[in-house]
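Novice: Here is a sequence together with a model predicted from it:
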Amino acid sequence: MRDFCESAVVSQESGAKQSLKFEIYFIMGHYKELLAFKKGYELAMEIFILTKRFPPEEKYSLTDQIRRSSRSVCVNIVEAYRRKRYKDYFISKLNDAETENPETQVWLDFSKDCRYITEEEYSTLTAKNDEIGKLIWYMINNPDKFM
């Protein structure tokens, strides 16, 4: 670790800020590379856009809840990844993401049954949500591949 710190200081002194950024990225990796995060973020943004057309009376219930749970999946993946050096913490945060994911599905069910989204939108979003769940489950069961 000391070599990295010395390298970072040299990079800063030479004015090569990009080099420092690259070295940190190289050592830490980046959560945005994780397929589960990418797909989770994409789904959360789709849900955000879709829920803009929900009725105003749903603002503090269905709209808020589905946005919150879909975003929470991403946030928990990030928290897990940033603490990946602690296997138990990594798995714990992924379990949190894994429990938020089915919550998002239930809100999708309500959205469809209340006729706020079409059957086609529901099927597409459900398939994406299922895929995210499988990716999270893989990470939980294979933590050493992410350490």
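Specialist: Thanks, I have it. These numbers were taken from a predicted model, which means no experiment stands behind them.

Novice: neighbours around the residue nearest to residue 135 when sequence neighbours are not counted, how many?
Specialist: Excluding its sequence neighbours, the residue lying closest to residue 135 (Cβ to Cβ, 6 or more residues apart in numbering) is residue 36, at 3.8 Å. Heads up, the C-betas are built off the backbone N, CA and C, glycines and all. By other Cβ atoms under 10 Å, 26 other residues sit near residue 36.

Novice: what's the answer for residue 147, then?
Specialist: Per other Cβ under 10 Å, the neighbour tally for residue 147 reads 9.

Novice: Pull the contacting residues for it.
Specialist: Residues counted as contacts of residue 147 (Cβ atoms under 8 Å, 6 or more residues apart in numbering) are 84-85, 87, 90.

Novice: Looking at the chain, which helix is longest?
Specialist: helix 87-113 (DSSP state H).

Novice: For the residue lying closest to residue 82 once chain neighbours are set aside, give its distance to residue 81.
Specialist: Leaving aside its sequence neighbours, residue 82 sits nearest to residue 31 (Cβ to Cβ, 6+ apart; 6.9 Å). Separation of residue 31 from residue 81 (Cβ to Cβ, to the nearest Å): 4 Å.

Novice: Repeat that for residue 44.
Specialist: 16 Å.

Novice: starting at the chain centroid, how far to the next helix or strand after the longest helix of the chain?
Specialist: Next helix or strand after helix 87-113 toward the C-terminus (DSSP states H and E): helix 119-141. Put simply, helix 119-141 sits 12 Å off its chain's centre (Cα atoms, centre = their mean, to the nearest Å).
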